[in-house]
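**Student:** Predicted model and sequence below, questions to follow.
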Amino acid sequence: MKKNILVTGASSGIGAAVSKYLSEQGYFVVLVARNEDKLKKIQGEIPGESLIVSYDFSRLENIENIFGNCRNSELKLDGLVHCAGINNDIPIRANDVEVMQEVTTVNYFSFVELGKHFNKKKYSNDKASVVAISSSASISCGKGMCTYAASKAALNASVKVMGKEFLKRKQRVNAILPTFVDTPMAARMNESLGDLEKKVAGQPLGLIEPEHIAYLTEFLLSDKSSYITGACIPVSAGAIF
C-alpha cells in the first residue's frame with residue numbers, strides 16, 4: 001500500500017531532495033513550502049503523485065490548514081518530514097530579538113505545532129513516522145550560531161519528548177543532524193561569510209550531497225526502522241565536534 005508523506009521545506013535543498021527520492025520510491029508526497037511557483041517546479045520534476053500546499057512557517061496560527069488540505073484530498077498521512085528551516089548568523093554582541101523569534105519559529109515552534117496536529121487520528125495513521133531535519137550545529141555550537149544552534153537543540157529535545165508521547169499510537173519520531181550539506185542555504189552562507197570551504201575542510205568526507213540525507217530519511221520513514229524512535233542521528237562526514 002502506498003504511503004502518504006508530508007514534506008515541509010519541499011521547494012529547495014534537503015526538502016526537495018527528500019521529496020524527489022520519496023516519489024521515486026513510490027510514496028505519495030505532500031509538498032509544503034512558502035513559494036507556490038517553486039513547489040510547482042518540484043512537482044513537475046518528481047515522477048509520482050503529489051499534492052501542493054503553500055504555507056509560510058513564520059506564521060503558526062493557521063498551521064492546521066495544511067492537514068485540512070490533506071484530509072480534503074482524502075489523504076491520511078503515514079509520515080511527516082520537517083525540512084523547513086532558516087539561518088541568520090549573528091554574533092551575540094549584535095543579537096537581534098526579532099531574528100531570534102523568526103528563526104526559532106520556523107525551525108522549532110513550527111515543528112511542535114506540526115507534531116501536535118499530525119498526531120491526531122483524523123490526520124495520520126497508527127505506526128506513522130516523523131523525521132525532523134536538525135543540524136550538527138546543535139552540538140558544535142560554532143561562533144555566530146547562537147540562535148540557529150539553540151533552535152536546533154530545542155528541536156532535538158522535542159523529538160525525544162514527542163518520541164515518548166507518540167508511542168500511544170506506535171508512531172515514531174527521530175531527527176537527523178547533518179553537518180554542511182550542498183544546499184542553497186550553504187551557498188547563501190558562503191556568499192555572506194565566505195568561509196564555507198574552510199568549514200567543509202573540517203569534514204574529511206566532504207560536503208554532503210542532499211540525496212544522502214534523503215536516503216536516511218526514507219529509512220526512518222520505512223518499516224526497516226520500526227524499532228528506532230527518539231533518536232538524534234548525526235551525519236558528520238567525519239567532522240569532530
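**Tutor:** Okay, I see it.
**Student:** going forward, measure contacts and count neighbours with C-alpha atoms only.
**Tutor:** Noted.
**Student:** give me every residue that touches the nearest residue to Pro210 once chain neighbours are set aside.
**Tutor:** Computed as CA to CA, 6 or more residues apart in numbering, the closest residue to Pro210 that is not its neighbour in sequence is Ile14, at 5.2 Å. Residues in contact with Ile14 (CA atoms under 8 Å, 6 or more residues apart in numbering) are 83, 183, 210-211, 213-214.
**Student:** Show residues contacting the helix or strand where Ala154 lies.
**Tutor:** Using DSSP states H and E, the element containing Ala154 is helix 146-165. Where contact means CA under 8 Å, 6+ apart, the residues beyond helix 146-165 that reach it are 86-92, 100, 103-104, 107-108, 111-112, 115, 132, 134-135, 137-139, 141, 171-175, 229-232.
**Student:** starting at the chain centroid, how far to that helix?
**Tutor:** 12 Å (CA atoms, centre = their mean, to the nearest Å).
**Student:** Centre of the chain to the next helix or strand after it, how far?
**Tutor:** Going down the chain from helix 146-165, the next helix or strand is strand 172-178, by DSSP H and E. Distance, stretch centre to chain centre, for strand 172-178: 9 Å (CA atoms, centre = their mean).
**Student:** Buried ones among the contacts of helix 146-165?
**Tutor:** By neighbour count, with 16 or more other CA atoms under 10 Å, the contacts of helix 146-165 hold 87-90, 100, 103-104, 107-108, 111-112, 115, 132, 134-135, 137-138, 141, 171-175, 229-232 as buried.
**Student:** now, which of the residues you listed lie within strands?
**Tutor:** The strands, defined by DSSP state E, take in 132, 172-175, 232 from the buried ones among the contacts of helix 146-165.
**Student:** contacting residues for the residue most central in space within the chain?
**Tutor:** Among the residues of the chain, the one closest to the centroid is Cys83, at 2.0 Å (CA atoms, centre = their mean). Going by CA under 8 Å, 6+ apart, Cys83 touches 7-10, 14-15, 132-133.
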